[in-house]
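K.L.:
how would this look folded up:
(one chain, ligands or ions: 1)
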Amino acid sequence: MSSQEGIALVNRDDDGVDTAFRSDVLAGLSQPQKAISARWLYDDAGSQLFEDITQIPEYYPTRAETEILRERGAEFAELIGPGRAVVEFGSGSSVKTPLLLSAIEPSAYVPLDISGDFLRAAAADLAAKFPGLPVHPVEADFMRQVALPDAVSDLPKLGFFPGSTIGNMVPRTAVDLLRNMRETLGEGARLLIGMDLIKDRAVLVDAYDDAAGVTADFNLNLLRRVNRELGSDIPTQAFAHEARWNDDFARIEMHLVAQSDLDFSVSGTHFAMTRGETIHTENSHKFNRRTANMLLLASGWDPQQRWLDSEERFSLILAEAKPPKSAP
Ligand code: AVI
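P.N.:
Here you go, the predicted model:
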């Protein structure tokens, strides 16, 4: 997951403030359940903290997904075949992407990311590792439909969306994104997507509330960012990180819990919180076979194959964009 700090795609006012960040924060803090969108967790410090999270013992998703990519290369090659343009939604990870690319003999690699800096770094890294592979980075907001470079227009496509980032979206947004991916990639495209699985509540809560406090720091960094960028005086030390399982929606939620009654202002707007009140900062939805299939089918993707890691904690699913057909 990269920083969302794209240069060309960010609107700033005369004081250099990201106007979307300010309006999102002010709107979110004005709701009865205070909330700030998880996209703002990823400034440079937050992106580094997320990298640190992927290394902590309790956070299994990265290791589990990497294991699948490492072990199942021959099956990917057989089902996907050679010659596809791999379109990665996000800048690409230095570990996962090479595992896929070396398994399937692609014709081109197209990383899409809103952050030009992360994109160029990831593209250069991949080009060095795969000298014969054409790499065409595209700076774009992949939540929308994206025009791919002419150089790959005639190639069959494989979308790659690892990490269970789809789980950070509420279902309505996830469906919008998956439908846009289908439009971006075209008919006959395949999609290889990571989805984390529903499991024991304690394992899930620990993965998002680790003993070393890295995830707590990641969550609290959001308040530090608001103070730094929006001229506010939120007493960050008066908040505690909480990860809670919401069983109705099969998701881990991250909250920042006020430890006392509080008053603060953000960009000149006053806010008050009572002790125990929370700011909701992230959802991480978990799936089972049926809910994963339902999400894909609702978005125009036919699931074809599903792989799990050896401890059955995480899934990678291959799906195909098929034309709509009549069914009972
Ligand atoms: C990026 N995303 C898939 C992570 C997740 O597991 O939902 C973000 C994260 N938040 C806290 N820990 C990890």
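
K.L.:
since we're on residue 134, how many residues are nearby?
P.N.:
By other CB atoms under 10 Å, the residues close to residue 134 number 16. To be clear about C-beta, it is placed using only N, CA and C from the backbone, and glycine gets the same treatment.

K.L.:
tell me what the worst-scoring helix or strand of the chain on mean pLDDT is packed against?
P.N.:
Sorting the helices and strands of the chain by mean pLDDT, DSSP states H and E puts helix 116-129 at the bottom, at a mean of 89. Helix 116-129 is packed against helix 96-104, strand 108-113, strand 138-139, with contacts defined by 3 or more CB pairs under 8 Å, 6 or more residues apart in numbering; DSSP states H and E.

K.L.:
would JSON lines of the ones you listed with mean neighbour count be doable?
P.N.:
Converted to JSON lines, these look like this (neighbours: other CB atoms under 10 Å):
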{"stretch": "helix 96-104", "mean neighbour count": "19"}
{"stretch": "strand 108-113", "mean neighbour count": "25"}
{"stretch": "strand 138-139", "mean neighbour count": "18"}
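
K.L.:
circling back: can you give me how far the least confident helix or strand of the chain is from the chain middle?
P.N.:
18 Å (CA atoms, centre = their mean, to the nearest Å).

K.L.:
does stretch 274-289 come close to the ligand?
P.N.:
Yes: interface with the ligand: stretch 274-289 contributes 282, 284 (CB under 6 Å from any ligand atom).

K.L.:
Can you mark which positions in that stretch are buried?
P.N.:
Neighbour-count burial for stretch 274-289 flags 277, 278, 279, 280, 281, 282, 283, 284, 285, 286, 287 (criterion: 16 or more other CB atoms under 10 Å).

K.L.:
Filter the residues you listed down to the ones in strands?
P.N.:
Counting by DSSP state E, the buried residues of stretch 274-289 place 278, 279, 280, 281, 282, 283, 284, 285 in strands.

K.L.:
which one of the residues you listed sits closest to residue 179?
P.N.:
Using CB to CB, residue 285 comes nearest to residue 179 of those, at 17.3 Å.

K.L.:
Okay, strands next: where are they in the stretch 51-200 of the chain?
P.N.:
85-89, 108-113, 138-139, 157-161, 190-196 (DSSP state E, counting those that start in this stretch).

K.L.:
so which of these comes closest to residue 170?
P.N.:
That would be strand 190-196 among the strands of the stretch 51-200 of the chain, by CB to CB, at 14.9 Å.

K.L.:
quick one on the thing from earlier: now render the ones in strands among the buried residues of stretch 274-289 as TSV, adding pLDDT.
P.N.:
Below are these laid out as TSV (pLDDT from 0 to 100):
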residue	pLDDT
278	98
279	98
280	98
281	98
282	98
283	98
284	98
285	98
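
K.L.:
Now tabulate those in a markdown table and tack on distance to residue 121.
P.N.:
Shown next, in a markdown table, are these (distance: CB to CB, whole Å):
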| residue | distance to residue 121 |
| --- | --- |
| 278 | 35 |
| 279 | 32 |
| 280 | 32 |
| 281 | 27 |
| 282 | 25 |
| 283 | 28 |
| 284 | 26 |
| 285 | 29 |
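
K.L.:
wait, which of the residues you listed is closest to the ligand?
P.N.:
residue 284 (3.3 Å; CB to the nearest ligand atom).

K.L.:
which residues are in contact with stretch 300-317?
P.N.:
60-61, 64-65, 67-69, 72, 75, 79, 162, 164, 178-179, 182, 190-197, 199, 203, 287, 289, 292-293, 296-297, 318-322, 324 (CB atoms under 8 Å, 6 or more residues apart in numbering).

K.L.:
which residues sit against the helix or strand hosting residue 297?
P.N.:
Secondary structure from DSSP states H and E places residue 297 in helix 289-298. With CB under 8 Å, 6+ apart as the contact definition, helix 289-298 has outside contacts at 166, 171, 174-175, 178, 193, 195, 250, 287, 302-303, 306, 315, 317, 319.

K.L.:
Pick the one among the buried residues of stretch 274-289 closest to residue 115.
P.N.:
For those, the nearest to residue 115 is residue 282 (18.9 Å; CB to CB).

K.L.:
so the closest one touches residue 42, yeah?
P.N.:
No: checked against CB atoms under 8 Å, the pair residue 282 and residue 42 is beyond contact range at 10.8 Å.

K.L.:
Sweet, I'm off.
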